[in-house]
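Novice: no sequence for this one, just the structure:
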């Protein structure tokens, strides 16, 4: 630090040199002293300004650091979120409420002896209900939970579900996972639903219809689905998406030996413009080791490892399954699917095909195979497009540009929807009026035409109405396949035609 004396001496020396260099402007010692005093005053003022600047800078730096560590609270789209200023930690509250109401329009029920419509094998309750599906209301999902970030590189999600499928179920874990996102390839472990298909990639609050296409829903339940124990990797770029997971049982399933499965998917956007794109993809859903139904006693030929494929007519107000393969003792299941999707402004089309191969265990019978496909389309009358994300490689619901507000003549977004799906669970079914060939599986074929209207009042509230025309073609295996004493003779038609009208109200944040 320069002392006051040193500075004064330097100033005097400088003035002396100036005096010697310009004799014409020679000054008296009193003049020099006056100039030095003036310079000292200026220096003192400058030093004060520097000190003020330092203080202000320190205060601003302190404020910035304080704001970076301060906790902020936000309420975007009704979702409460707390986060630190630097974004290293956050927690968001999530909630979903979906209530479905339905009317099943089918011919009047008759006695079991003459009305041959049936549900699942060996299920007396479903066989009664198949003849008179129950109109009513079902809380499809009632979920509450948390998601967020910790230490910058970790993401987490914990969701609990109180909803049901036809009847209210006990509360259960829907997801509970942690993910390391510090690398381009993310690593996730815990309880979660690995994405099994293009239909599964849409959020369950933003899918085109209340339920996924029947074949996609059934495939989803083999090695994926909500509440599935899994560890996997996820990665995506500007036009591609890749995911893979090794899976076990769901949290509500207890078996002797837990199932071992695999879910893998790859998707790519080969063509893309300002307001259009094309999606292609492929997926694999494998049951490598089915869950054991009992102790694995080697001398008894090992434990039975059953696989069963069945589904409802794309709605769960009544939980009756109208197609069902029954239990197949299997070494494994392999499902391979192809995906296609395209979007042009507010018009969107999506289609998938699935091939299902079941490998029998300890059997000389041929291995059964099944398949299914669907095609669906949506058109938003109000102009908003469905939202495609390469993070999920799926299409999500449109977001209304003018949320519902009658005072401002704003009505939200309105979307028209259509889908045709077919799911064939027959393998060597044989002819009507006769027994099935050896090794045949009479699971039935289900074809559904769905037409719907989705009204998105705002990003949180929506209402969806759907009409379904359902056609089930299914032959009875005979014997005691359904219920002893009430199983129709072999080859008798146990399917049916019906119409379903449904309405969903949804609140999701």
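Specialist: That came through fine. None of these values were measured; they are calculated from a predicted model. Residues are numbered from 1 along each chain as shown.
Novice: what's the helix or strand hosting residue 445 packed up against?
Specialist: Assessed by DSSP states H and E, residue 445 sits inside strand 441-456. When contacts are defined as 3 or more C-beta pairs under 8 Å, 6 or more residues apart in numbering; DSSP states H and E, strand 441-456 packs onto strand 323-324, strand 369-380, strand 413-427, strand 461-473. (C-beta placed from N, C-alpha, C; glycine too.)
Novice: Averaged pLDDT, the first one. What do you get?
Specialist: Mean per-residue pLDDT for strand 323-324: 98.
Novice: quick revisit: select, out of the helices and strands packed on strand 441-456, the one closest to residue 243.
Specialist: For those, proximity to residue 243 was assessed by C-beta to C-beta; strand 369-380 is nearest, at 21.4 Å.
Novice: what angle do that closest one and strand 441-456 make?
Specialist: Orientation check (axes from the mean of the first three to the mean of the last three C-alpha atoms, to 10 degrees): strand 369-380 against strand 441-456 gives 10 degrees.
Novice: Neighbouring strands of strand 369-380 in the sheet, and parallel or not?
Specialist: As defined by DSSP bridges, the strand partners of strand 369-380 come to strand 347-360 (antiparallel), strand 413-427 (antiparallel).
Novice: pLDDT averaged over the last one, what's the number?
Specialist: By that I understand strand 413-427. When pLDDT is averaged over strand 413-427, the result is 98.
Novice: Turn the strands paired with strand 369-380 into CSV, columns for distance to residue 503.
Specialist: Converted to CSV, these look like this (distance: least, C-beta to C-beta, whole Å):
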stretch, distance to residue 503
strand 347-360, 23
strand 413-427, 14
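Novice: Of all these, which one is nearest residue 210?
Specialist: Nearest of the strands paired with strand 369-380 to residue 210, taken as C-beta to C-beta: strand 413-427 at 10.3 Å.
Novice: Tell me how far that closest one lies from the chain's centre.
Specialist: Centroid separation for strand 413-427 versus its chain: 19 Å, with C-alpha atoms, centre = their mean, to the nearest Å.
Novice: Minimum distance to residue 39: which of the strands paired with strand 369-380 has it?
Specialist: strand 413-427 (73.1 Å).
Novice: show me what contacts residue 401?
Specialist: Applying C-beta atoms under 8 Å, 6 or more residues apart in numbering, we find residue 401 in contact with 382-384, 413.
Novice: that's a helix at it, yeah?
Specialist: No: read with DSSP: H, G, I helix; E, B strand; the rest coil, residue 401 is coil and lies in no helix.
Novice: Strictly from the record, what residue spans define the domains of the chain?
Specialist: Residue ranges for the domains of the chain, per automatic domain parsing: 4-66, 70-508.
Novice: which one of those has the most crowded surroundings?
Specialist: Comparing the domains of the chain by mean neighbour count (mean count of other C-beta atoms under 10 Å), domain 70-508 ranks first with a mean of 18.
Novice: Could you list the low-pLDDT ranges of the stretch 251-400 of the chain?
Specialist: Residues of the stretch 251-400 of the chain that meet the criterion pLDDT under 70 lie in 298-300.
Novice: Helices of that one, start to end?
Specialist: Counting by DSSP state H, counting those that start in this stretch, the stretch 251-400 of the chain forms no helices at all.
Novice: Show me where it has its strands.
Specialist: Taking DSSP state E, counting those that start in this stretch, the strands of the stretch 251-400 of the chain run over residues 260-272, 276-289, 306-307, 310-311, 323-324, 328-344, 347-360, 369-380, 387-389, 394-396.
Novice: now the ones you listed as CSV including distance to residue 86?
Specialist: As requested, those are exported to CSV (distance: least, C-beta to C-beta, whole Å):
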stretch, distance to residue 86
strand 260-272, 33
strand 276-289, 35
strand 306-307, 49
strand 310-311, 47
strand 323-324, 53
strand 328-344, 36
strand 347-360, 38
strand 369-380, 38
strand 387-389, 26
strand 394-396, 29
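Novice: looking at those, which is closest to residue 475?
Specialist: Nearest to residue 475, of all the strands of the stretch 251-400 of the chain, is strand 323-324, at 11.7 Å by C-beta to C-beta.
Novice: partners of that closest one in the sheet?
Specialist: Take DSSP bridges as the rule and strand 323-324 pairs in its sheet with strand 310-311 (antiparallel).
Novice: where does the residue minimising distance to the centre of the chain land on pLDDT?
Specialist: By C-alpha atoms, centre = their mean, the chain has its centre lying nearest to residue 203, at 3.9 Å. With respect to pLDDT, residue 203 scores 93.
Novice: so residue 488 touches residue 476, yeah?
Specialist: Yes: at 4.2 Å, residue 488 counts as touching residue 476 under the criterion of C-beta atoms under 8 Å.
Novice: which neighbours do these two share?
Specialist: 116, 118, 482, 494.
Novice: Of those residues, which is the nearest to residue 465?
Specialist: For these, the minimum distance to residue 465 (C-beta to C-beta) is 29.4 Å, reached by residue 118.
Novice: distance of the residue nearest to the centre of the chain from residue 506?
Specialist: Residue 203 is 11 Å from residue 506, where distance means C-beta to C-beta, to the nearest Å.
Novice: again with residue 463
Specialist: In this view, residue 463 and residue 506 are 7 Å apart by C-beta to C-beta.
Novice: And residue 423, by the same measure?
Specialist: Distance from residue 423 to residue 506, by C-beta to C-beta: 26 Å.
Novice: Same question for residue 336.
Specialist: Per C-beta to C-beta, residue 336 is found 33 Å from residue 506.
Novice: repeat for residue 215
Specialist: 24 Å.
Novice: Next: residue 485.
Specialist: Per C-beta to C-beta, residue 485 is found 44 Å from residue 506.
Novice: go on, residue 490?
Specialist: 45 Å.
Novice: Please apply the same query to residue 122.
Specialist: Going from residue 122 to residue 506 by C-beta to C-beta gives 35 Å.
Novice: for residue 468, same thing?
Specialist: Taking C-beta to C-beta as the measure, residue 468 and residue 506 are separated by 18 Å.
Novice: Tell me which of the strands of the stretch 251-400 of the chain lies nearest to residue 207.
Specialist: Among these, the nearest to residue 207 by C-beta to C-beta is strand 394-396 (8.5 Å).
Novice: Walk me through which strands that closest one pairs with, and which way each runs.
Specialist: Sheet pairing of strand 394-396 (DSSP bridges) gives strand 387-389 (antiparallel).
Novice: where's the partner strand relative to the chain centroid, distance-wise?
Specialist: Its chain's C-alpha centre and that of strand 387-389 lie 12 Å apart, by C-alpha atoms, centre = their mean.
Novice: Contacts for that strand next, please.
Specialist: 269, 277, 279, 341, 343, 394-399.
Novice: ok, the residues you listed vs residue 145, which is closest?
Specialist: Closest to residue 145 out of those is residue 396 (19.1 Å), distances taken as C-beta to C-beta.
Novice: my guess is that closest one contacts residue 208, does it?
Specialist: No: with contacts counted by C-beta under 8 Å, residue 396 stays clear of residue 208, the gap being 10.1 Å.
Novice: Now for those two: what residues contact both?
Specialist: What both residue 396 and residue 208 touch, as defined by C-beta under 8 Å, 6+ apart, is the set residue 202.
Novice: Helices of the stretch 101-250 of the chain, start to end?
Specialist: For the stretch 101-250 of the chain, the helices defined by DSSP H, counting those that start in this stretch occupy 124-129, 198-201, 214-223.
Novice: Using a markdown table, please lay out those together with distance to residue 408.
Specialist: A markdown table is the format used below for these (distance: least, C-beta to C-beta, whole Å):
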| stretch | distance to residue 408 |
| --- | --- |
| helix 124-129 | 47 |
| helix 198-201 | 34 |
| helix 214-223 | 39 |
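Novice: Nearest to residue 376, out of these?
Specialist: Residue 376 sits nearest to helix 198-201 of all the helices of the stretch 101-250 of the chain, at 8.5 Å, using C-beta to C-beta.
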